[in-house]
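>>> Starting from these lines, generate the structure:
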Amino acid sequence: WASVGDGSIAFHMDCVLQGDLLLRCRHLDANGRRTSMFRLAFHTGYVPQGVFRLTKAQLDGAHADDRFDDASFFVDVIFAPVDKVISPTA
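Below is the predicted model of the structure:
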């Protein structure tokens, strides 16, 4: 759980990602209902190495949401280099 007072929130995935990705952030209320907050989709071949920063205006569902401050809200997707990728076998 996270609250507004926590400031930044980090989700450490620690896995190899490749290809088309969809990241969706949802709010879970006290009754267990999920509400989409925002989402973003991209292909890993087109993102810069290191930090991929998206502002409120660039996130699906967040651009018109008053819960997010226009000036300070952003999402950083951080990519680390991979030494060796093992392709799955058919």
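>>> show me where this protein has strands.
20-28, 34-43, 51-55, 74-78 (DSSP state E).
>>> Arg67: which of these is closest?
Arg67 lies closest to strand 34-43 among the strands of the chain, at 7.5 Å (Cβ to Cβ). Every residue, glycine included, has its C-beta placed from N, CA and C.
>>> Tell me which other helices or strands the closest one touches.
strand 20-28, strand 74-78 (3 or more Cβ pairs under 8 Å, 6 or more residues apart in numbering; DSSP states H and E).
>>> so how far is Met37 from the residue sitting nearest the centre point of the chain?
When Cα atoms, centre = their mean is applied to the chain, the residue found nearest the centroid is Leu23 (5.1 Å). Distance from Leu23 to Met37, counting by Cβ to Cβ, to the nearest Å: 11 Å.
>>> now the helices and strands packed on strand 34-43 in TSV, with distance to Gly5 and mean pLDDT?
Formatted as TSV, the helices and strands packed on strand 34-43 follow (distance: least, Cβ to Cβ, whole Å; pLDDT from 0 to 100):
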stretch	distance to Gly5	mean pLDDT
strand 20-28	16	89
strand 74-78	18	88
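>>> Deepest-packed of the ones you listed, please.
Burial of the helices and strands packed on strand 34-43 is given as mean neighbour count (mean count of other Cβ atoms under 10 Å); strand 74-78 ranks first at a mean of 14.
>>> what is the orientation angle of that strand with strand 51-55?
When axes from the mean of the first three to the mean of the last three Cα atoms, to 10 degrees is applied, the directions of strand 74-78 and strand 51-55 differ by 160 degrees.
>>> give me the low-pLDDT residue ranges for the chain?
By pLDDT under 70, the low-scoring segments of the chain are 1, 85-90.
>>> Met37 against His27, yeah?
Yes: between Met37 and His27 there is a contact under Cβ atoms under 8 Å: 5.3 Å.
>>> Kindly reformat the strands of the chain as TSV containing distance to His12.
Converted to TSV, the strands of the chain look like this (distance: least, Cβ to Cβ, whole Å):
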stretch	distance to His12
strand 20-28	14
strand 34-43	18
strand 51-55	15
strand 74-78	10
